[in-house]
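Student: What shape does this take:
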Amino acid sequence: MNFFSKNKLILPTGSYALTRYFLIFLAILFLLSFVFLPVIVIFINAFKGGVDLYIKSILDDEAAAAIKLTLLVAAISVPLNTIFGICASWLIAKYDFYGKKILLALIDLPFSVSPVIAGLIYVLLFGSYNAFGSWLIENDLDIIFAVPGIVIATIFVTFPFIAKELIPLMEEQGSSEEEAAISLGAGGFKTFMFVTLPNIKWALLYGVLLCNARAMGEFGAVSVVSGHIKGLTNTIPLHVEILYNEYNFVAAFAVASILTVMALFTLLLKSVIEGKIHK
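Tutor: Predicted coordinates for the structure are as follows:
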């Protein structure tokens, strides 16, 4: 009996049902083991000392500074990456030029380079180990072990997300609608606002959402360039690490729960936007 039809596996009725339930069981087991249980453990440990201690932990001056810095870094890096992502995707999808493959490879670079290595590169570039870094120090311009360095490192690790969402969609859509708009007298800005943007808005929001989630949760690159200065250069992930290393477990899980809530909210928005994209 041929169990293959048009590259799809066809199983007998009994085997199909057994396979389906087995795969469902594996999926549920995986989600319970690696997603739901860790989330439950985080909240159990966060409230282990009671609600008062939980509130005190997240309202602590150092925790508040970490939260503010995390939001500030995301507020700077995400809009900049949005602009880059739109421009890069427009260029790659709508035009043919020499070096196009090189640009695509460079966009993928943060996916193949360890964030720790990326942070180290910026330390070597802007640190006091070379003439450029010495010039920055002489002119009181702090990049490494300061907020600018954290922003730069975050931008590097997050800039592919929006472009990678938009490029396939814009290539699929082609440029016929833009060409029609231009032939009717619309300028470049009007063409983008009234033709291109409505066609990519949900993919753009999806990319922004992923970029924002990575920006707030980034640890490796930020850890290298931050200097771990309490109250000044610690983002939420770095502050959680310090609290945990100091055996302040309740406070560590309390602050970690903030990132968890952000992740769950991001997951909810992601599901909504995916539904809009696939309509």
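Student: Grab the most central residue of the chain for me.
Tutor: The C-alpha lying nearest the average C-alpha coordinate of the chain belongs to Arg214 (C-alpha atoms, centre = their mean; 2.4 Å).
Student: would you say that one is within a helix?
Tutor: Yes: counting by DSSP: H, G, I helix; E, B strand; the rest coil, Arg214 is part of a helix.
Student: I'd guessed it sits against Pro160; true?
Tutor: No: applying C-beta atoms under 8 Å as the test, Arg214 and Pro160 come out as separate, 9.7 Å apart. C-beta coordinates here come from the backbone N, C-alpha and C atoms, glycine included.
Student: Quick one: residues in contact with the helix or strand harbouring Glu178.
Tutor: Here Glu178, judged by DSSP states H and E, is contained in helix 176-183. Outside helix 176-183, the residues that touch it by C-beta atoms under 8 Å, 6 or more residues apart in numbering are Lys94, Gly188, Lys190, Thr191, Phe194, Val195, Thr196, Asn199.
Student: need the strands for the stretch 1-150 of the chain, in chain order.
Tutor: Secondary structure of the stretch 1-150 of the chain (DSSP state E, counting those that start in this stretch): strands at 4-5, 8-9.
Student: returning to what we had before: ok, for the residue nearest to the centre of the chain, nearest residue in space, not its chain neighbours?
Tutor: Thr158 (4.9 Å; C-beta to C-beta, 6 or more residues apart in numbering).
Student: what sits against the one you found?
Tutor: Ser77, Val78, Asn81, Pro110, Cys211, Arg214, Ala215, Glu218.
Student: how close does it sit to Ile200?
Tutor: Using C-beta to C-beta, to the nearest Å, Thr158 is found at 19 Å from Ile200.
Student: quick one: low-confidence parts of the protein?
Tutor: Along the chain, the model assigns pLDDT under 70 to residues 1-16, 131, 276-279.
Student: try it again with 50
Tutor: 1-5 (pLDDT under 50).
Student: And the helix or strand just after the helix holding Glu178, how far out from the chain middle?
Tutor: Going down the chain from helix 176-183, the next helix or strand is helix 188-191, by DSSP H and E. Helix 188-191 sits 29 Å away from the centroid of its parent chain (C-alpha atoms, centre = their mean, to the nearest Å).
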